[in-house]
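**Student:** coordinates only, sequence not included:
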């Protein structure tokens, strides 16, 4: 019975979440089309709405730890579900993502993604898109901000091991920017697929900065070690709280 009730609460939450996306997206649309700032305000408003609804509808609280970056950096984040995207975006002032080009066709989401500076890429052409983005930033054609990348390339469930791809290291070397790793345990509560959302405390933690200048192998090794160690710690914390 308890599972069924939580599943129904999760369903209501998802309706509120995506319904809120539609309402906020439509209300802010004129401002968003005229101003990048307006588009960001709309997106942050929806992220906060989603986190607020999750807390009281399904008992899923969210917490951001560490120091969210405010300068122009790369944020290399552990990706477990849509929730870590929401939490990171609401924590930094000018987030933009490298995203699959197919998402441009998603109602509301696609239009806003372009307005806030997200970088759409075709499968197999990520390197060319990143190179263009770096040129645009250096020439002043693109607004600076925090570029969010997922070094494993996809969502990975907690405790599942998947290699870190070389693209993150290439972007780090090409940009010459510092990299802020980010760990998470959100997949414990918000799985990749399905409706059910578990109550608890979902955490995204920003870790110490990796300064520019490391070799490809040294950077990837340090990045994986720091993110995986911190994510495992957050997983154990979530499991301990579940037992209490």
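**Tutor:** Right, received. Where do you want to start? All values reported here derive from a predicted model rather than from experimental measurement. Residues are numbered from 1 along each chain as shown.
**Student:** helices of this structure, start to end?
**Tutor:** 2-34, 36-57, 82-91, 109-115, 126-138, 166-175, 216-243 (DSSP state H).
**Student:** tell me which of those helices sits most buried.
**Tutor:** helix 82-91 (a mean of 22; mean count of other Cβ atoms under 10 Å). Quick note: C-beta positions are derived from backbone N, CA and C, even for glycine.
**Student:** wait, which of the helices of the chain is closest to residue 159?
**Tutor:** When the helices of the chain are compared by Cβ to Cβ, helix 216-243 sits nearest residue 159, at 6.4 Å.
**Student:** so for the nearest residue to residue 89 once chain neighbours are set aside, what's the pLDDT?
**Tutor:** Distances taken as Cβ to Cβ, 6 or more residues apart in numbering put residue 95 closest to residue 89, at 4.7 Å, once the chain neighbours are dropped. Predicted confidence (pLDDT) at residue 95: the value is 91.
**Student:** now residue 95: how far from residue 56?
**Tutor:** Residue 95 is 25 Å from residue 56, where distance means Cβ to Cβ, to the nearest Å.
**Student:** end to end, how far does stretch 71-91 reach?
**Tutor:** 13 Å (Cα to Cα, to the nearest Å).
**Student:** quick one: it to chain centroid distance?
**Tutor:** On the basis of Cα atoms, centre = their mean, to the nearest Å, the separation between the geometric centre of stretch 71-91 and that of its chain is 3 Å.
**Student:** and that stretch, average pLDDT?
**Tutor:** Stretch 71-91 carries an average pLDDT of 95.
**Student:** for the remainder of this discussion, apply numbering that starts at 17.
**Tutor:** With the count now opening at 17, the last piece we talked about shows up as stretch 87-107.
**Student:** show me the contacts for the residue positioned nearest the centre of the chain.
**Tutor:** Within the chain, one residue has its C-alpha closest to the average C-alpha position: by Cα atoms, centre = their mean, that is residue 101, at 2.4 Å. Taking Cβ atoms under 8 Å, 6 or more residues apart in numbering, we find residue 101 in contact with 95, 113, 164.
**Student:** likewise for residue 32?
**Tutor:** By Cβ under 8 Å, 6+ apart, the contact set of residue 32 is 69, 73.
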